[in-house]
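J.: here are the coordinates; sequence isn't available:
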């Protein structure tokens, strides 16, 4: 492997360690299920609406917190 491949792999492992990739995948899946139900005209359970709000709020809240921490450095 060349230097670029090792750097890319290290970055992916670092993102997984900080669970950034998992947060993104979970957010996309939950919002995708919610949007699918809306587009297909199916009733959206109240629990799913609550989970969508929590997941999206946590996702963007962690981004803001991470951005503020990087500004302090």
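T.: On my side now, so go ahead. This is a predicted model, so every value here is computed, not measured. Numbers count the residues shown, from 1 in each chain.
J.: residue nearest the centroid of this structure?
T.: residue 24 (2.0 Å; Cα atoms, centre = their mean).
J.: leaving out sequence neighbours, find the closest residue to it.
T.: Of all residues not flanking residue 24 in the chain, residue 59 sits nearest, at 7.4 Å (Cβ to Cβ, 6 or more residues apart in numbering). Where C-beta positions appear, they are placed from N, C-alpha and C, glycine not excepted.
J.: next up, the contacts around the one you found.
T.: In this structure, residue 59 makes contact with 23, 24, 27, judged by Cβ atoms under 8 Å, 6 or more residues apart in numbering.
J.: break down the protein into its helices, ranges please.
T.: Ranges of helices in the chain, per DSSP state H, are 3-17, 20-39, 46-72.
J.: any idea of the mean pLDDT for the second one?
T.: Taken as a whole, helix 20-39 carries a mean pLDDT of 89.
J.: angle of that helix against helix 46-72?
T.: In terms of direction (axes from the mean of the first three to the mean of the last three Cα atoms, to 10 degrees), helix 20-39 departs from helix 46-72 by 140 degrees.
J.: neighbouring contacts of helix 20-39?
T.: 12, 15-16, 43-44, 48-49, 51-52, 55-56, 58-59, 62.
J.: buried residues, that helix. List them.
T.: For helix 20-39, the neighbour count (16 or more other Cβ atoms under 10 Å) marks 23, 27, 30, 34 as buried.
J.: ok, of those, which one's closest to residue 8?
T.: Set against residue 8, the nearest of the buried residues of helix 20-39 by Cβ to Cβ is residue 23 (20.0 Å).
J.: and the contacts of helix 20-39, which of them are buried?
T.: If we count by 16+ other Cβ under 10 Å, the contacts of helix 20-39 have these buried: 52, 55, 59.
J.: can I get these in JSON lines with distance to residue 7 and pLDDT?
T.: JSON lines is the format used below for the buried ones among the contacts of helix 20-39 (distance: Cβ to Cβ, whole Å; pLDDT from 0 to 100):
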{"residue": "52", "distance to residue 7": "35", "pLDDT": "94"}
{"residue": "55", "distance to residue 7": "31", "pLDDT": "90"}
{"residue": "59", "distance to residue 7": "26", "pLDDT": "80"}
